[in-house]
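>>> Here's my sequence, what's the structure:
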Amino acid sequence: MTPSWPSFWEHIPQSDRAVVSEILGDLLGTGVIFGDAGRDRQLFEHARQYRTEIAEYLAPLGIELYQDPDRPLFQARPIPGECPLTTRFSKDETLVVLTLWRIYDDHRMMQTSDTAMLTANDLDARLRLYFEKITPPTPAHLERILAKLRRKRLIRYQVNDDRPGESGIEILPTLARAIPFEGKEWEEQVALYQTVEPTAEQPADAAAESSEAAEGNEEEAAE
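The predicted structure is shown next:
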């Protein structure tokens, strides 16, 4: 049985209700509405129209709705200590996210182009540079990590089946807000992994933990 539409949203026209439901599903499932093209652009425009309603819906869950002033982007950001729906990154996922954050930050400082692009080989080289005391993920494991980050809309990832090392990665601006700290804090997080190699069971660092937008339990259980 389909639940009835909430009475406090009766002012939303019938024609917009399915779209609003889709927006909430995306924000809770991936944490992001990135309206740069196609259907995502339509969702962004509706999210902007109902920004107040969506923000009020997310607030009791301890989630802040952030709108990027420069891009067609909404991001659901868990408030540390208040949101019960966050998950943790594994150690290897944390290393990859920290590396991608640094690459994106360097790209943004250089301002060479609007898009931060690299290959899987480039990422592997940076991982080895930043975390020289850590054994980097295998190519197959790295591909699984990148696929997860793509699902979370932190990157775009185009697999090259013939030459996996040349698979393309575009770092989205959502990742910069996933771990929103400056260079000094980044150095401190990296230092944690340079002094001792955590076990697979050890929780990821707090900065990377907070980077996950609200997500359902099924993916957490599956992974």
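>>> what's the neighbour count on Gln111?
7 (other C-beta atoms under 10 Å). (C-beta placed from N, C-alpha, C; glycine too.)
>>> And for Ile33?
For Ile33, the count of nearby residues is 27 (other C-beta under 10 Å).
>>> residues touching it, list them.
When contacts are counted by C-beta atoms under 8 Å, 6 or more residues apart in numbering, Ile33 touches 23, 26-27, 40, 43-44, 47, 73-75.
>>> partner strands of the helix or strand hosting it, parallel or antiparallel?
Using DSSP states H and E, Ile33 falls within strand 32-34. Strand 32-34 pairs in its sheet with strand 73-78 (antiparallel), by DSSP bridges.
>>> following the strand it pairs with, which helix or strand comes up?
helix 91-110.
>>> how about the very next helix or strand once past that following helix: buried residues?
Downstream of helix 91-110, the next assigned helix or strand under DSSP H and E is strand 116-119. Of all the residues in strand 116-119, those buried under the rule 16 or more other C-beta atoms under 10 Å are 116, 118-119.
>>> can you check stretch 11-18 too?
Buried residues in stretch 11-18 (16+ other C-beta under 10 Å): Ile12.
>>> Figure out how far it is from the centre of its chain.
Computed by C-alpha atoms, centre = their mean, to the nearest Å, the chain-centroid distance of stretch 11-18 equals 29 Å.
>>> cool, stretch 13-25 as well?
When distances are taken as C-alpha atoms, centre = their mean, stretch 13-25 is centred 23 Å away from the chain's centroid.
>>> CA atoms only for it, dumped as CSV, please.
This file holds the C-alpha atoms of stretch 13-25, laid out as CSV (Å, rounded to 0.1, in the frame of the first residue of the first chain):
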residue,chain,number,x,y,z
PRO,A,13,0.8,20.3,-7.1
GLN,A,14,-0.1,16.7,-8.0
SER,A,15,2.0,17.1,-11.2
ASP,A,16,5.2,17.8,-9.1
ARG,A,17,4.8,15.2,-6.4
ALA,A,18,6.5,12.3,-8.3
VAL,A,19,9.5,14.6,-9.0
VAL,A,20,9.8,15.7,-5.4
SER,A,21,9.8,12.1,-4.3
GLU,A,22,12.5,11.3,-6.9
ILE,A,23,14.6,14.3,-5.6
LEU,A,24,14.3,13.1,-2.0
GLY,A,25,15.2,9.5,-3.1
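>>> mean confidence score for that stretch?
Taken as a whole, stretch 13-25 carries a mean pLDDT of 95.
>>> care to break the chain down by domain?
Domains of the chain are assigned by automatic domain parsing as 7-78, 91-222.
>>> And the ones you listed, which one averages the lowest pLDDT?
For the domains of the chain, the weakest mean pLDDT is recorded on domain 91-222, namely a mean of 76.
>>> For Arg71, grab the count of nearby residues.
Neighbourhood size, Arg71 [other C-beta under 10 Å]: 15.
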